[in-house]
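Enquirer: What follows is a predicted structure for the sequence shown.
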Amino acid sequence: MSEKCELISKYRDDVVDGKKLTRSTISELFNINNKFLLNLSDAANYITRHFHGSKVDIEELANIKKNFCSEDCTFCSQSAFFNTKITGYELPPPEEIVEQALNAKNDGANSFCLVAAWREPSTPDFEKVCAIIEEINKKVGISVECSLGFLTDKQAKTLKKLQVKRYNHNLETSRSKFPEICTTHTYDDRVKTLKIARNAGLELCTGGIIGLGETRKQREELIFEISELEPEEVTVNMLVPMPGTPLELQTQLDITEILRVFSTLRFLLPESIIKISGGREVNLKDDGQKLLVSGANGIISAGYLTMGGNTIKKDTEMINELNLET
Ligand code: SAM
Ligand code: SF4
């Protein structure tokens, strides 16, 4: 075995033994030569199986408020700044979302995440979202997560009281890249909401989008920034270049760059769910199979916020082919 392969195995065993790797070790793994990438991904898979067994977490999203967002995130088809020609709607009545949650549960989803295309919920909208959560709790009984933009302390505590398990709020990209992708709020605004959610006792789900034109160094920055927040779940989107957005012509990342992100995140956060999120079907020829044996142990299924995706049934078959289970 080459010296590099021995090192990867040693670091893998250190993680399994509960040791935290240094920043320079993680950086060495993240920047490893392509010829050792398979060894890195195998080691990440070993760590995943050790901490999570063969279980893959499936989450379904509900877009509860679509389009016309006040923010200018350059990747987002729901920003009011760009003419993306998608239709929009305001919060639907609870029955509609309850029905979707029930179907998600029956199809085999482990969690159901309410997502809203706005900067932050107004007081009346927040009350309506709470009514939706109450109805889901009463009539469905599925783990509810939320992604509602910026939160106040009071709102975060209310979500906790309503038994919301986890709050999603993505860092999106590295601190150094962020001003290029959004000017209507700051990176620290995003970090602040994550801290508010944590203080209220909610679990955290955070991550970002890779393939926005950031450098590999900036992807490395992002994974360190994510790991410092110690999220219970990490969500990694791969850019879907949406027509009408400033990033519509962005080229796809090479699979080797995507593999680096997932595998190294597993060394950083061995016990967290690492979820393959938006862009899975568009960016990956195998719908994510390679990543599910390279550190990832979760997927979003049944479509995304403004576009369709594989059904849970199809994804379950794909997962079973790998001898993994949902
Ligand atoms: N508006 C809230 C916010 O920004 O936190 C709620 C979540 S936002 C609607 C949903 C997430 O989808 C974003 O945080 C981003 O990571 C992801 N996303 C949006 N557009 C995307 C795209 N074109 N490709 C991949 N991921 C995308
Ligand atoms: Fe709005 Fe969220 Fe889209 Fe940014 S990512 S434009 S905040 S919906």
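Expert: Alright, I've got the coordinates. Note that this is a predicted model, so its numbers are computed, not measured. Ligands and ions are numbered 1, 2, ... in the order given.
Enquirer: Tell me where the protein has strands.
Expert: For the chain, applying DSSP state E gives strands covering 57-65, 111-116, 143-147, 166-168, 203-210, 233-238, 273-276, 298-301.
Enquirer: Give me the packing partners of the last one, helices and strands only.
Expert: Just to be clear, that refers to strand 298-301. Judged by 3 or more CB pairs under 8 Å, 6 or more residues apart in numbering; DSSP states H and E, the packing partners of strand 298-301 are strand 57-65, strand 273-276, helix 312-321. C-betas here are computed from N, CA, C, even on glycine.
Enquirer: Now do whatever residue of the stretch 151-300 of the chain ends up closest to ligand 2 against residue 36, distance only.
Expert: Minimum separation of the stretch 151-300 of the chain from ligand 2 (CB to the nearest ligand atom) falls at residue 182, amounting to 6.6 Å. Per CB to CB, to the nearest Å, residue 182 is found 35 Å from residue 36.
Enquirer: Identify the residues contacting the closest residue to residue 231 other than its chain neighbours.
Expert: Leaving aside its sequence neighbours, residue 231 sits nearest to residue 204 (CB to CB, 6 or more residues apart in numbering; 4.1 Å). By CB atoms under 8 Å, 6 or more residues apart in numbering, the residues touching residue 204 are 166, 167, 169, 194, 197, 198, 229, 230, 231, 232, 233.
Enquirer: I'd like those as JSON lines, with pLDDT appended.
Expert: Shown next, in JSON lines, are the contacts of residue 204 (pLDDT from 0 to 100):
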{"residue": "166", "pLDDT": "98"}
{"residue": "167", "pLDDT": "98"}
{"residue": "169", "pLDDT": "98"}
{"residue": "194", "pLDDT": "98"}
{"residue": "197", "pLDDT": "98"}
{"residue": "198", "pLDDT": "98"}
{"residue": "229", "pLDDT": "98"}
{"residue": "230", "pLDDT": "98"}
{"residue": "231", "pLDDT": "98"}
{"residue": "232", "pLDDT": "98"}
{"residue": "233", "pLDDT": "98"}
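Enquirer: Tell me the bridge partners for the residue nearest to residue 231.
Expert: Under the criterion DSSP bridges, residue 204 forms beta bridges with residue 167.
Enquirer: Make 10 the first number, not 1, from now on.
Expert: Will do, 10 is the new start, and the previous item becomes residue 213.
Enquirer: Report pLDDT for it.
Expert: Per-residue confidence (pLDDT) for residue 213: 98.
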